[in-house]
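Sequence and predicted structure, then a few things I'm wondering about:
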Amino acid sequence: MLTKSKIKKAILLLKLKLKEKIYQGRLKYVLENNSSDTLVIIFSAFSPRPVYNYMYTLEKLRNADKLYILDDFGYKGSYYWYENGHNTPLILVKSLIQAAINRMGYKNLVTIGSSKGGTCAIYYGLMFGAQHIFAGACQYYVGNYLSDKPDILNAMMGETNEVVIAKLNDMMPAHLRQHKGSTSLIHLLYSPNENTYDKHIIYLLADLKKYGIPFEEIIDNFKDHNDVGKPFSHLLSIYFGFESSGRSIK
């Protein structure tokens, strides 16, 4: 049975799709222009079919421009990195974000995502020096994460073997090393009770400390990885001022 909330979300998604554009003939995105000097970029997680994430949560956000980027590369997504062994997604996403910054002259940048989207929020947030990066229950060793998902791995890398797994495992650690001392503040939401923590989060936290990248931990207690959406939406609502807590983006 469809609830009012689900109906509203479906309507919002439809409105978003009607605004969808395609960058350089391949990369799908929606840019909501609110004539702001702040750009918020939202990256999508894995789902049965690629969709834009957190449009319902961020509907009330009127004092920032919003750039939703869809990851429909490969089979169910690619971390916006590779498709069939080529880094076309990475090149396109980097070019799209840079083009938006050049065109609109944004002074502030915020990146957002959970699970796969959180990994990408950190990756591209550090790349572009975002003031704030919001990541929920993200993967750090992507090769290991995809090792039991051969359809996704093969569609990304064009093959499935230990070499490509090792390459993907180093994507995030190498990126953190490259951005040692970054001033981007990472707001990392996670739960010690779900499997991402032991396999990814503890290593991400260690390397953030090692490379002097500022972060804050928001610790929840959800047990299923798929349940990250609710506490992550709550986190965004607090920081963007939709709910009172005395904390907001500056």
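Sure, I can see it.

For the lengthiest helix in the chain, name the packing helices and strands.
Assignment by DSSP state H gives helix 88-104 as the longest helix of the chain. Under the contact definition 3 or more CB pairs under 8 Å, 6 or more residues apart in numbering; DSSP states H and E, helix 88-104 sits against strand 21-23, strand 27-32, strand 38-43, strand 65-69, helix 116-127. Just so you know, the C-beta spots here come from the backbone N, C-alpha and C atoms, and that holds for glycine as well.

Past that helix, which element shows up next along the chain?
Going down the chain from helix 88-104, the next helix or strand is strand 108-114, by DSSP states H and E.

List the neighbouring strands of that following strand plus their orientation.
strand 38-43 (parallel), strand 132-136 (parallel) (DSSP bridges).

I'd like the ones you listed written out as CSV, with mean neighbour count added.
Below are the strands paired with strand 108-114 laid out as CSV (neighbours: other CB atoms under 10 Å):
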stretch, mean neighbour count
strand 38-43, 26
strand 132-136, 27
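
Save those as CSV, and put in distance to residue 215 and mean pLDDT too.
Below are the strands paired with strand 108-114 laid out as CSV (distance: least, CB to CB, whole Å; pLDDT from 0 to 100):
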stretch, distance to residue 215, mean pLDDT
strand 38-43, 18, 98
strand 132-136, 9, 98
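
Residues touching the least confident helix or strand in the chain by mean pLDDT, excluding its own?
Taking mean pLDDT, DSSP states H and E as the measure, the helices and strands of the chain show their lowest mean at helix 4-18, namely a mean of 74. Residues outside helix 4-18 that contact it (CB atoms under 8 Å, 6 or more residues apart in numbering): 2, 30, 51, 52, 55, 56, 59, 68.

Can you tell me the closest non-neighbouring residue to the third one?
Translated: residue 51. The spatial neighbour of residue 51 that comes closest, neighbours along the chain excluded (CB to CB, 6 or more residues apart in numbering), is residue 44 at 6.4 Å.

cool, and residue 97?
Nearest non-adjacent residue to residue 97, counting by CB to CB, 6+ apart: residue 128, 6.1 Å away.

Same question for residue 236.
Per CB to CB, 6+ apart, closest to residue 236 is residue 57, 5.4 Å.
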